[in-house]
Every structure is written in structure tokens, then in C-alpha cells.
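[1] test case, fold it:
(chains A and B)
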Amino acid sequence: MTAIAEDIGSLQRQADRRRFLEPWLYLSPALILIFTVLIVPLVIGISYSFRKFSAFRSEYVGLGQYRAMLSDTVLHGALVNTLWWTVASLALQFFFGLGLALLLNRPFIGQRIVQGLVFLPWAVPIFLTGLTWSWLFNPVIGPLPHVFHAIGLQAEPVTILADPATAMWGPIIANVWFGIPFFAITLLAARKSIPSELYEAAAIDGASPWQQFTKVTLPFLAPTIAITVMLRTVWIATFADLIYVMTAGGPAGSTNTIATYIYVSAFKSLDKGYASAIAVLLLVLLIAYALIVIQMRRALLRDA
Amino acid sequence: MPGQSRFQRIAGTIGVYGAIACYVVFALLPIYWTIKISVTPQDLLYSEGIRLWPSRMTLANYASVLEATDFPRYFLNSIIVSVATAVIVTAVASFAGYALSRFRFRGKALVSLVLLLTQTFPLVMVIPPIYRIMGQLGLTDNLYGLIIIYTAFNIAFATFLMQSFLDGVPKDLEEAAMIDGCTRFEALRRVILPLTLPGMGATVAFVFTAAWSELLFGLMLINSESQKTFSVGLLTFVGKFAVDWGQMMAASVLALIPVCLFFLFLQRYLVTGLTAGAVKG
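    Next up is the predicted model:
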């Protein structure tokens, strides 16, 4: 009897251990990859920020790199540019994306084809997005300077990318073009999962379309909006490719964001230490931001 | 709707179609312009000014790109890297998404948080350490190195995507299969996988496009001509022959073809798949 009980006990423990291990077994390939290719380099990168690198050697400088950041006026300009670039790109992507999602949610003639076409920019490689838009802004082969000139926005048909006052609009427009489908796809999916009875009930209660939008649609979309806005903010803020391809941070540093600045100082000036210190600053800002949004989203989900 | 005059209804319809037309024009303008320049003969490029379509067409730019440059090689490299990345990521993320969707376990919230926070890592910060590690492993200037990096960078988002698709598959189905004597893995393979195929398709499309687009790691890690991906090749081409617009645009159009085809085919799964699970967490 006791032998059987022991057997059952050990089987039970074995089953418990299996149940405990099973999710980790499924997670392990993902976690191992993320740990070795992202976390380990990240820690090494943070350790770089306490060192100074020259051509063949490096030395420990403590917080020296961080102190240097305080008096770096280029960095301060880049911080302002990053904020402007991120907020403008994000706001335009979001509003146009939301508008597109709501348009696509109602059936109309040719809806499926239109959906395929308007989502297409998302498939265009980012470096090509940058190249094609800088071609469109080019007065020799592109139409846009001539259009701007014709409607009186520009005195001469020249590229807006060469003027420090307007250059940032180039990458922002390209980024909006590329990012609208992301918001449209996720918001359309979220909008489609709102039960239609809610709208019927609202209509019976005499709610206007605008009231339906603010009282039914928006609250339901809020959790999705929070997570997509967060992912996009982070992504846009750390995103160097588009600006690098279109203006390389110029003219006169007017499109230099933190991400492009890191890229330039990491690989052009050889000082990986300073580049890493700036990256740590960016990382801390972004993680703080992400944690705030996650908390806000939890509050939203609780209230819903 | 009652209370709305006929005039308002018509104006509303015109407004909707007008807005849709604006979106379509905005979305297609850059692509259209690239195609247009790619078929414009060199001599007409400057003489005709800006017009919607050239008076004569040529495919000479395509011929010279395919015959006289290394683009076919770049193209092949990009296909290898993107397909391998998409397949590996989707497989790994399906398992990880399954774990997050079907199990309750200690540390689950932490795993989700870590996955989310990996999205905040500035790429530029990990490039120097990764370059050093890959150098020690002999994986620089090598397509395997790119595949490993792209895989790691895409796993987090793909896992969330797969998790939300799997959340849309009712649990009763696999429970029924397990009562019928399937092991959990068999239930996963026979019941769950077929039902999440659209979701997996969407994930493959998403990762494929991301890998096809990547530029900075490619620029950093690849030096030799034979290992260049399309993005790296095109950018160096732009640097070297900045005046040959026609060839550049022809090469760009060639780079667009696979992603656009892939995307047009799979984009509807993206919306239906996401709707089924509604992005939640």
C-alpha cells in the first residue's frame, strides 16, 4: 500500500514538475535568442558608456562620458529635434491611420482593392521609402517642388531637404507615409472586434455619430491605442534609417536626432564610449516612457 | 439615418469617396513615380520636365541593372536572409506565443514585460557590442550573422502577434483533443496549428518585410560584394552612381516586387487574424 502511495506521490510530483516546466520549454528558444543577442550586448553596451575609446585601446573614465554630454550643444539640439520628429510623426501617423481605419470599416465599392493599395507603403523597405521621397522632393526629377511652387508654398522650386528651416518635414512626411498603415491595420482590427449591438443600442438611445464615436468607439479602442502608440513612439524615437538615408542629419544638423547622432558618433568618430552613453540616456528615457504608458493602459483596462 | 436630408447623405458619400481617393493617391504616388522614372529614357529625363508619363518608354534601365550590376546577387542574398528569418521567427514565436496564451505560470508577467522592453532598445547601442561578438564568432560579413540578429530583433513583436492570434482559438478544441488521448504537443500540431495558419501567414509576412527592409546592421556587418543584401547594395549604388536615376529606380522597383506581392497576398490575414484575437494582454 505504502509503495503504491509513494508511487502516486512521485508521479504527482513528476506531473507538477512537468506542468511547471512546460511553458518555459515553449518559451526557451525565444528567451535564449533574446538573452544572447539583445540582453548580453545591451549590458556590454552599457559598460562601454563608462569607457573612452581611441583607435586601438580604451580606458575606464567613470562618469566622464556622461559629464561630457552636459556641455554638448549638438546633443541638446538633437534632443529637441528628436522630440519634434517623434511627436510630429506620431501624431500625423495616428490621426491619418485612425481616419483610414474608420473609413475602411464601412463597406464601399472596391473596398478590398483599396485596402490592399493603401496598406502597401508598409511593405516598402524603409531605405527605399527614404530614397523615393528624397527623389520626389528633388526639383530635377521629382514633382513636389514644382507643386509647392505652383500653389505658392515656395518662391523657387527647390528641395525642402536643403533648407534647415524645412528639412525635417522631409523625413517626417516619409515617415507618416510609411507609418499610416500600421495604425490603420491595428485600429481596424480592434474596431472590427467591437460588438455591433453596442452601436445599435447607442443609436436607439438617440446618440449622434459623433457621440457614438466618443462614447463607444474610442473607449473600446483605448487599450489598443495605448499599446500601439507606445510601440510606435519608441520605434520612431530610436529610428535612424530614414533620416540617415534622406539627409544624414543635415543640413547644418537641422535633422540630427539622438539616434542619427549616436550612429554618426559611434561609427564616424570611433568613440563608442560616448555613443553608448548617449544611447543609455535614450534608453532610460524610453523605458520610463514605456512603463508610464503600460501603467496607464492597466488603469484603462481596469476601468473598462 | 432619419433627420438627415438627401443632400447631406449625398455630400457624405462624396466626402467618404473623396477621402479614400486622397489616401490611395498619397499611398501610390512615390511608388508610381519610381516606376515612371525607371522606364523613362535617359535623354527624356531632363528635356521633358515633370510629366505624368514619358512620351517614350524603355526597359533599358532594367536590362543594364540585371546584366551589368551585382543586383541579382544582392536580390538572392536578401531572399535567403528574409525567408530564413521569417521562417525561424514564426516557428520560435509560435511556441512562445503558445506558452503566453495557454499557460498561467509564475514569471509570465515578467516575461511579457521583458519582451516589451526589448522593443525600446536603441539599435545603435547594441551594434558595437554585437559587431564585436559576431567578429569573435566569425559571423561578420556573413549571411548567417544577419539571420541570427534579425531573428532576435523580430521575436518580441512576432510573439505578441502570435499570442493574440492564439488567444482567438477557443481552448475547448485542444482540451477535447487531449481528452481523446492526444498529448499536448499533438493537440498543438493537429488542432491549433491549422487554425492559426492565417495568423502565422501574417507573422511571416510581417517579419519578411522587416528583414527585407533592414539597413543599419547590414551596412555594419557586411563588407564583401558577394554577401551584400539588397538594401546595402542599393545604398552603396546610390553613393557611387548618384546621377544614374533610371538605373537606380529600376533597381528600386525590382526590390519592391517581392515584398509588395507578398504583402498584397497576406495583408487581409493581418486584419482578420488580429480581429480574432483583438490585441489584448
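
[2] give me the residue at the spatial middle of chain B.
    For chain B, residue B:209 is the residue whose C-alpha lies nearest the centre (Cα atoms, centre = their mean; 1.6 Å).

[3] and the closest residue to residue A:194 other than its chain neighbours, which helix or strand is it part of?
    Among residues not flanking residue A:194 along the chain, residue A:220 sits closest, at 4.7 Å (Cβ to Cβ, 6 or more residues apart in numbering or on different chains). (Each C-beta comes from the backbone N, C-alpha and C, glycine too.) Using DSSP states H and E, the element containing residue A:220 is helix A:218-237.

[4] and whichever helix or strand comes after that helix with chain B, contact?
    Downstream of helix A:218-237, the next assigned helix or strand under DSSP H and E is helix A:241-246. Yes - applying Cβ under 8 Å from any Cβ of the partner chain, one finds helix A:241-246 in contact with chain B at A:241, A:244-245.

[5] same for the helix holding residue A:220, what does it pack against?
    Where contact means 3 or more Cβ pairs under 8 Å, 6 or more residues apart in numbering or on different chains; DSSP states H and E, helix A:218-237 is packed against helix A:73-105, helix A:169-192, helix A:272-303.

[6] if we use 10 Å, what do you get?
    helix A:73-105, helix A:169-192, helix A:258-267, helix A:272-303, helix B:108-118, helix B:143-167 (3 or more Cβ pairs under 10 Å, 6 or more residues apart in numbering or on different chains; DSSP states H and E).

[7] domains for chain A, by residue range?
    Listed by automatic domain parsing, the domain ranges of chain A are A:2-48, A:70-303.

[8] brain fart, chain B
    If you go by automatic domain parsing, chain B breaks into B:1-58, B:69-277.

[9] now the shortest one: mean pLDDT?
    Yep, that's domain B:1-58 we're talking about. Domain B:1-58 shows a mean pLDDT of 82.

[10] ok, and does that domain reach over to chain A?
    Yes - with Cβ under 10 Å from any Cβ of the partner chain as the criterion, chain A is reached by domain B:1-58 at B:1, B:3-4, B:12-13, B:16-17, B:19-34, B:36-37, B:40, B:45-46, B:49-52.

[11] buried ones among those?
    Among those, those scoring as buried are B:20, B:23-24, B:26-27, B:29-31, B:33-34, B:36-37, B:40 (criterion: 16 or more other Cβ atoms under 10 Å in any protein chain shown).

[12] CA atoms only for stretch B:237-254, dumped as PDB, please.
    The C-alpha coordinates for stretch B:237-254 follow below in PDB (Å, rounded to 0.1, in the frame of the first residue of the first chain):
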ATOM      1  CA  PHE B 237      25.000  52.100 -55.600                       C
ATOM      2  CA  VAL B 238      23.300  55.400 -54.800                       C
ATOM      3  CA  GLY B 239      26.600  56.600 -53.300                       C
ATOM      4  CA  LYS B 240      28.700  55.600 -56.300                       C
ATOM      5  CA  PHE B 241      26.500  56.400 -59.300                       C
ATOM      6  CA  ALA B 242      24.300  59.100 -57.800                       C
ATOM      7  CA  VAL B 243      23.400  60.500 -61.200                       C
ATOM      8  CA  ASP B 244      22.100  57.400 -62.900                       C
ATOM      9  CA  TRP B 245      18.400  57.900 -61.900                       C
ATOM     10  CA  GLY B 246      17.000  55.400 -64.300                       C
ATOM     11  CA  GLN B 247      19.100  52.500 -63.200                       C
ATOM     12  CA  MET B 248      18.600  53.400 -59.500                       C
ATOM     13  CA  MET B 249      14.800  53.400 -59.900                       C
ATOM     14  CA  ALA B 250      14.800  50.200 -61.900                       C
ATOM     15  CA  ALA B 251      16.800  48.600 -59.100                       C
ATOM     16  CA  SER B 252      14.300  50.000 -56.600                       C
ATOM     17  CA  VAL B 253      11.300  48.700 -58.500                       C
ATOM     18  CA  LEU B 254      13.000  45.200 -58.600                       C
END
